[in-house]
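Sharing a sequence plus its predicted fold:
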Amino acid sequence: MLRRLALLICLMAMPATAEEVVLGLSSDKVRITATFEGSEVLVFGAVKRQAAIPDEPLDVIVTIAGPSKPLTMRRKERVLGIWVNTDAVEIDAAPSFYAVATTRPLDQVLSNVEDLRHRVSINRAIRSVGAPAEVADAQTFTDALIRIRKKNLSYQMLEGAVALDEQTLFRTAIELPANLTEGSYQTRIFLTRGGAVVSQFETAIEVRKVGLERWIYTLSREQPMIYGLMSLAIAIAAGWGASAAFRMMRQNG
Amino acid sequence: MQIYLPIAEVSVNAFLLLGLGGMVGVLSGMFGVGGGFLMTPLLFFIGIPPAVAVATEANQIVASSFSGVLAHLRRKTVDLRMGTVLLIGGLLGAALGVVVFNYLKSMGQVDLLVKLCYVLFLGVIGGMMFFESLRAIRQTRSGKVVPKRKKHNWIHGLPFKMRFRTSGLYISVIPPLLVGVAVGILAAIMGVGGGFIMVPAMIYLLGMPTKVVVGTSLFQIIFVTAFTTMLHATTNFTVDVALAVLLLIGGVIGAQIGTQIGTKMKAEQLRILLAMMVLAVCFKLAFDLLLQPSELYSIGAAGGH
């Protein structure tokens, strides 16, 4: 709160350099249908300013974060010849999806302090408070989480993927993978100069299952008994139907 | 064609699932086993979360066994009495199995348990069947026919005897009940029907005639897997009906083809083939446990260590 207030005061104190983001999204809703194969979200916008462009170059950072969830990371070790899960570290909150797109390498456009404050880099977006005493190298667990999620495109580091024209118009495309979970995807745009955030804008992309997907999912959570019986009925009908169809084919053939 | 599975929350190719269902269906029709012991590891492999794979496979086995049991009922090769005894054991076992499954899931050891179960059971049973059928084939080749001894072992000394007319047996209900419990536990933990364990147990342990074994095991499997499906659906919410439908469309067609192939082959040949397949899956899983995995870390749900 205090930080926000401080930031606000800073912003108000220097109206001459005030720059604001005017944002557009190709879609603020992603609909997961039965044939969902992932989706590309186009984030574009313009920088509105009253004063002349300062000398220091402007940079843009775009982040999209899926719903955060606590999880447990486990590590395998060889016990009696076989590989078994032994050490575990709780991660307090990790987004199911996280993408950072920037105009230039992140360490050049954002200072460490600002990263800490706004939780921009993937490492900072994951919150891990403490590890059990017996695990000495808790950071390797977080690294492993990032490595695994980067591999299936759930975490993306897109340095240089934001195009910025005339320090005013920017755009980037972020690929949402097919293994997307439902929720509100927080989308943030930062304008930085010399590693400091000069302006920030936030919005959300709603990711929702629709149609049959929605219906099945809701039924399985709200009426699990009916859902289970329905699954069985479908299974039995299909099993019986197929055998009946084959018998008819054999009699005719 | 990619399809998004609503419960598993992953996108997979629909034809891949149809093909997998069909392939496993052929095998299940040939050997009279549900095919779950092949399908569940295959589902892990294509990236379906293990909990969803196990629960959905139970649902799919209901479908693939249903057409089979109808055919056997028509041919009167189902021992309903024996089936019911096995079923009572099976339901108890399944309830126990789901409790164990959920407990181990919170401990993060469920994968290990499932794999160890597979290695152990597949290894023992595959090995037994392999050598048994090898001996049988050698005997038929050399023309020697060994007279079948009626084995009188410890099983015949147990109390609570019951007459099973279709099987021509007069034995205690304890061994079939225990077989049922064991299979029920496996059904819940491993996402298999348990046919690959029950069929040899019925032949070698209970001494049932081969012709009623398949029908009776299918009869038991349907009810136990239906029960397991309901348990998983109501406690874990992990039954994916879309996944099940795709697998079973392929599966029921494959099963019919498999049954046709099965009737054209000799029982010993069939058994040795099944034994080899069981052993192959066993070795693959054993190697995975022994070799260093490429990724030592895994992501699990929160809660518990």
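It's in.

what comes up buried for stretch A:93-106?
The neighbour-count check on stretch A:93-106 (16 or more other CB atoms under 10 Å in any protein chain shown) flags A:Ala94, A:Pro95, A:Ser96, A:Phe97, A:Tyr98, A:Ala99, A:Val100, A:Ala101, A:Thr102, A:Thr103, A:Arg104, A:Leu106 as buried. (Each C-beta comes from the backbone N, C-alpha and C, glycine too.)

near chain B, which residues of the stretch 1-150 of chain A show up?
With the criterion set to CB under 8 Å from any CB of the partner chain, the stretch 1-150 of chain A comes near chain B through A:32-38, A:69-78, A:81-85, A:88, A:90-91, A:132, A:141, A:144-145, A:147-149.

could you check whether the longest helix anywhere in chain A is close to chain B?
Ranked by number of residues, the top helix in chain A under DSSP state H is helix A:224-252. Yes - among the residues of helix A:224-252, A:224-225, A:227-232, A:234-236, A:238-243, A:246 lie within reach of chain B under CB under 8 Å from any CB.

ok, of those residues, which come out buried?
Buried among these by 16+ other CB under 10 Å: A:224, A:227-228, A:230-232, A:234-236, A:238-239, A:242-243, A:246.

ok, the residues you listed vs B:Ser217, which is closest?
Nearest to B:Ser217 among these is A:Gly239, at 15.9 Å by CB to CB.

so that closest one makes contact with B:Ala71?
No - if you go by CB atoms under 8 Å, A:Gly239 and B:Ala71 don't touch, sitting 10.9 Å apart.

Find the residue at the geometric middle of chain B.
For chain B, the residue sitting closest to the mean C-alpha position, by CA atoms, centre = their mean, is B:Gly194 at 2.9 Å.

Distance check, that residue against B:Ala182.
As judged by CB to CB, to the nearest Å, B:Gly194 and B:Ala182 stand 8 Å apart.

okay, now B:Phe287: neighbour count?
B:Phe287: 10 surrounding residues under other CB atoms under 10 Å in any protein chain shown.

Need the per-residue pLDDT for it.
The model reports B:Phe287 with a pLDDT of 85.

for B:Ala301, same thing?
On the pLDDT scale, B:Ala301 gets 69.

in the stretch 1-150 of chain A, which spans are helices?
Secondary structure of the stretch 1-150 of chain A (DSSP state H, counting those that start in this stretch): helices at A:2-13, A:106-109, A:112-118, A:122-125, A:138-151.

Distance from the chain centre to the longest one, please.
Relative to its chain's centre, helix A:138-151 lies at 15 Å (CA atoms, centre = their mean, to the nearest Å).

where does the stretch 151-253 of chain A come near chain B, residue by residue?
A:178-181, A:209, A:212-214, A:216-217, A:220-221, A:224-225, A:227-232, A:234-236, A:238-243, A:246.

again, only this time at 6 Å
For the stretch 151-253 of chain A, the residues in contact with chain B (CB under 6 Å from any CB of the partner chain) are A:178-179, A:181, A:213, A:216-217, A:220-221, A:224, A:227-228, A:231-232, A:235-236, A:238-240, A:242-243, A:246.

re the thing from before, what two of the buried residues of stretch A:93-106 have the greatest distance between them?
Largest pairwise distance in the buried residues of stretch A:93-106, by CB to CB, is 27.4 Å, between A:Ser96 and A:Arg104.

what's near enough to touch the closest residue in space to A:Gly239 that isn't next to it in sequence?
Leaving aside its chain neighbours, A:Gly239 sits nearest to B:Phe66 (3.3 Å; criterion: CB to CB, 6 or more residues apart in numbering or on different chains). Listed by CB atoms under 6 Å, 6 or more residues apart in numbering or on different chains, the contact partners of B:Phe66 are A:Ile236, A:Gly239, A:Trp240.

domains for chain A, by residue range?
Domains of chain A are assigned by automatic domain parsing as A:2-210, A:223-252.

distance between the shortest one and the chain's centre?
Right, domain A:223-252. 40 Å.

Quick one: mean pLDDT for it?
Regarding domain A:223-252, the rounded mean pLDDT is 83.

hang on, the earlier thing: now for the buried ones among the residues of helix A:224-252 next to chain B: which two are most distant?
Greatest spatial distance in those: A:Pro224 and A:Phe246, 33.1 Å, computed using CB to CB.

Near B:Thr140, how many other residues are there?
B:Thr140: 12 surrounding residues under other CB under 10 Å.

ok, now B:Pro209?
By the criterion of other CB under 10 Å, B:Pro209 has 14 neighbours.

and residue 15, what pLDDT?
I'll assume chain A. Predicted confidence (pLDDT) for A:Pro15: 45.

Hmm, no, I was thinking of chain B.
91.

likewise A:Ala93?
Looking at A:Ala93, its pLDDT reads 87.

A:Met12 too?
At A:Met12, the pLDDT recorded in the model is 50.

cool, A:Thr103 as well?
Note on A:Thr103: pLDDT of 92.

quick one: contacts for residue 81?
Because you didn't say which chain, this covers chain A. Neighbours of A:Gly81 in contact, by CB under 6 Å, 6+ apart: none.

looking at chain B here, not the other one
Going by CB under 6 Å, 6+ apart, the list of residues near B:Arg81 reads B:Phe164.

That one and chain A, how far apart?
According to CB to the nearest CB, to the nearest Å, B:Arg81 and chain A sit 23 Å apart.

Secondary structure element holding that residue?
Per DSSP states H and E: B:Arg81 is located in helix B:80-107.

Now do the buried residues in that helix.
Residues of helix B:80-107 classed as buried: B:81-95, B:97-98, B:101-102, B:104-105 (neighbour count, 16+ other CB under 10 Å).

likewise stretch B:6-21?
By 16+ other CB under 10 Å, the buried positions in stretch B:6-21 come out as B:Pro6, B:Ile7, B:Ala8, B:Glu9, B:Val10, B:Ser11, B:Val12, B:Leu16, B:Leu17, B:Leu18, B:Leu20, B:Gly21.

from those residues, which ones fall inside helices?
Taking DSSP H, the ones among the buried residues of stretch B:6-21 that sit in helices are B:Leu16, B:Leu17, B:Leu18, B:Leu20, B:Gly21.

Excluding covalently adjacent residues, which one is nearest to the last one?
Okay, so that is B:Gly21. Spatially, and ignoring its direct neighbours in sequence, B:Gly21 is nearest to B:Gly250 (2.7 Å; CB to CB, 6+ apart).

What strand or helix carries the one you found?
helix B:241-263.

Which secondary structure elements does that helix sit against?
Helix B:241-263 sits against helix A:224-252, helix B:14-31, helix B:50-74, with contacts defined as 3 or more CB pairs under 6 Å, 6 or more residues apart in numbering or on different chains; DSSP states H and E.

Now render those as JSON lines, adding distance to B:Phe227.
Rendered in JSON lines, the data for the helices and strands packed on helix B:241-263 read as follows (distance: least, CB to CB, whole Å):
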{"stretch": "helix A:224-252", "distance to B:Phe227": "10"}
{"stretch": "helix B:14-31", "distance to B:Phe227": "20"}
{"stretch": "helix B:50-74", "distance to B:Phe227": "9"}
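
For A:Ala204, which of those is the nearest?
Closest approach to A:Ala204 among the helices and strands packed on helix B:241-263 (CB to CB): helix B:50-74, 28.1 Å.

Return the angle between stretch directions for that closest one and helix B:80-107.
180 degrees (axes from the mean of the first three to the mean of the last three CA atoms, to 10 degrees).
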